[in-house]
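Enquirer: Got a sequence here, can you model it:
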Amino acid sequence: MMWAAISLSAQGIEFFHGSWEEALVEADKQDKLIFVDCYTTWCGPCKKMSREVFPDPEVGEFFNSHFINVKIDMERGEGPAFGRKYPVGAYPTLYFIKGDGEAVMSQKGARMPKDLIALGKAALSRVDFSADLRKAYEAGDRDPELILEYVKALNKTGESSLKVVNDFLRETPELDDPTTRAIIFEGCTEADSRPFALISANKRLFEGEFGADALREKLILACESTADKGIEYEYFALVEQSVELMKEHAPEHWEGFRYLAPMRYHRTMNDWAAFHEMADEYVKKVIRKDAEQIYKLAVVIKQHFSYEPASGDFIGELLEESVKQGDSWNYAFDAARFFHEKGDAKKALKYAEESRKRAIAQDASTVPMDNLIMVIKGRQSQTITAPGSSK
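Expert: Numbering: from 1, shown residues only. You can find the predicted model right below:
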């Protein structure tokens, strides 16, 4: 899971771009379940999940860490073949499938963020990667090879492995032993931990063992995890520590993270003023002309700060900028809906018509725009009706 892009976690859920067979191979390789969103283009609840649930920070963080995520249009491409093997009687249907193709769980209907995370946890609980290893460990087996496999299994299941690793590291570790190095590497899941400190102090040794890229990703994920912990426990010092360690070990990733981590903290604390200050700087210094990320930031603010009157102007600015920088009809359509809700018929009509023009160019349906244009014009007509008119 990377925090490089907006949604204040990763990019919401990051969906796999490849064939179904490739997704199975990837899931088998990583020992992960596949989460499948079975949708159709005309399904309202499916669109709502794509627009409001999948971009959610906590949803993205959880699903990117534990699943290979796949979206399948059930009426196109591989959808019909998928539906013959895995029954889909309503939309959306959410599947959890093992790398060997065995379905672990399926549920019909849309879910809100917390419910979707709970569903994912329930699916994980049905595939215990660590049961036999846990039994052996709790019976007193402390063979380093068993500990290594146990730590890996705990990490795959989403359970913390730090206690097991810290117990193993009670005495000064023998870093010349490859199994010990592997345990430290696998156990480096948080930046405020002994495994992270040992790797930091012996970075060249671990780079030689696991490769510079793999080690860098491990340290990035550990920094992100510590930021998550600081956010969960409302302890900003941990967020600040994670930012400093990110700067030291992955300076190119730090540029965005130094804004995103505090922004997530301020969002959790419902501190609009602090969030807005960081978000404004983030737009100007990091995402600038990135239409997708500007749009996603607007979505995040609408989801979490819509109760704050002062957020409206900023959301409007972001939506207009996303339309300016990107060519998606969806950016213009959301801008039109936003200004319509705010009662600004002039801007609403402008962006609704722009969205319609883009939809035609992109071979998308214009029905939503046509309906919105009709409503907007109806409201404009009512607005200019003379007082006392019977209309």
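Enquirer: Which residue ranges of the stretch 201-350 of the chain form helices?
Expert: Under the criterion DSSP state H, counting those that start in this stretch, the stretch 201-350 of the chain contains helices at 203-210, 212-232, 236-249, 251-268, 272-282, 291-305, 311-325, 329-341, 345-361.
Enquirer: Between these, which one is closest to residue 193.
Expert: Closest of these to residue 193 is helix 212-232, at 7.4 Å (criterion: CB to CB). All C-beta spots, glycine's among them, are computed from the backbone N, C-alpha and C.
Enquirer: Not counting its own residues, what contacts the closest one?
Expert: 1-3, 61, 185, 188-193, 196, 199-200, 203, 206-207, 210, 235-243, 245-246, 249-250, 253, 257, 261, 264-265, 268 (CB atoms under 8 Å, 6 or more residues apart in numbering).
Enquirer: Please pick the buried ones from those residues.
Expert: The neighbour count (16 or more other CB atoms under 10 Å) marks 1-3, 61, 185, 188-193, 196, 199, 206, 210, 238-243, 245-246, 249-250, 253, 257, 261, 264-265, 268 as buried among the contacts of helix 212-232.
Enquirer: just to revisit the earlier point, which stretch among the helices of the stretch 201-350 of the chain comes nearest residue 73?
Expert: helix 329-341 (16.2 Å).
Enquirer: Pull the closest one out as PDB, backbone CA atoms only.
Expert: What follows is helix 329-341, C-alpha atoms only, in PDB (Å, rounded to 0.1, in the frame of the first residue of the first chain):
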ATOM      1  CA  TRP A 329     -16.800  13.700 -18.600                       C
ATOM      2  CA  ASN A 330     -17.200  12.600 -15.000                       C
ATOM      3  CA  TYR A 331     -15.200  15.500 -13.700                       C
ATOM      4  CA  ALA A 332     -17.500  18.000 -15.400                       C
ATOM      5  CA  PHE A 333     -20.600  16.100 -14.400                       C
ATOM      6  CA  ASP A 334     -19.700  16.100 -10.700                       C
ATOM      7  CA  ALA A 335     -18.900  19.800 -11.000                       C
ATOM      8  CA  ALA A 336     -22.300  20.300 -12.500                       C
ATOM      9  CA  ARG A 337     -24.000  18.400  -9.700                       C
ATOM     10  CA  PHE A 338     -22.100  20.200  -7.100                       C
ATOM     11  CA  PHE A 339     -23.000  23.700  -8.300                       C
ATOM     12  CA  HIS A 340     -26.600  22.600  -8.900                       C
ATOM     13  CA  GLU A 341     -26.800  21.500  -5.200                       C
END
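Enquirer: next one: it to chain centre, how far?
Expert: When distances are taken as CA atoms, centre = their mean, to the nearest Å, helix 329-341 is centred 23 Å away from the chain's centroid.
Enquirer: Buried ones in that helix, by neighbour count?
Expert: For helix 329-341, the neighbour count (16+ other CB under 10 Å) marks 329, 330, 331, 332, 333, 334, 335, 336, 337, 338, 339, 340 as buried.
Enquirer: Tell me which residues touch the nearest residue to the last one once chain neighbours are set aside, please.
Expert: Meaning residue 340. Nearest-residue entry for residue 340: residue 348, 3.9 Å, with adjacent residues in sequence omitted and distances by CB to CB, 6 or more residues apart in numbering. The contact partners of residue 348, taken as CB under 8 Å, 6+ apart, are 336, 337, 339, 340, 372, 376.
Enquirer: Using CSV, lay out these together with pLDDT.
Expert: Converted to CSV, the contacts of residue 348 look like this (pLDDT from 0 to 100):
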residue, pLDDT
336, 97
337, 96
339, 97
340, 96
372, 96
376, 94
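Enquirer: nearest to residue 137, of those?
Expert: Of all those, residue 337 has the smallest distance to residue 137: 54.1 Å, by CB to CB.
Enquirer: and the closest one, how far is that from residue 315?
Expert: Per CB to CB, to the nearest Å, residue 337 is found 11 Å from residue 315.
Enquirer: got the contact list for residue 38?
Expert: Contacts for residue 38 (CB under 8 Å, 6+ apart) come out as 72, 74, 79, 82, 83, 86, 88, 91, 92, 93, 94, 95.
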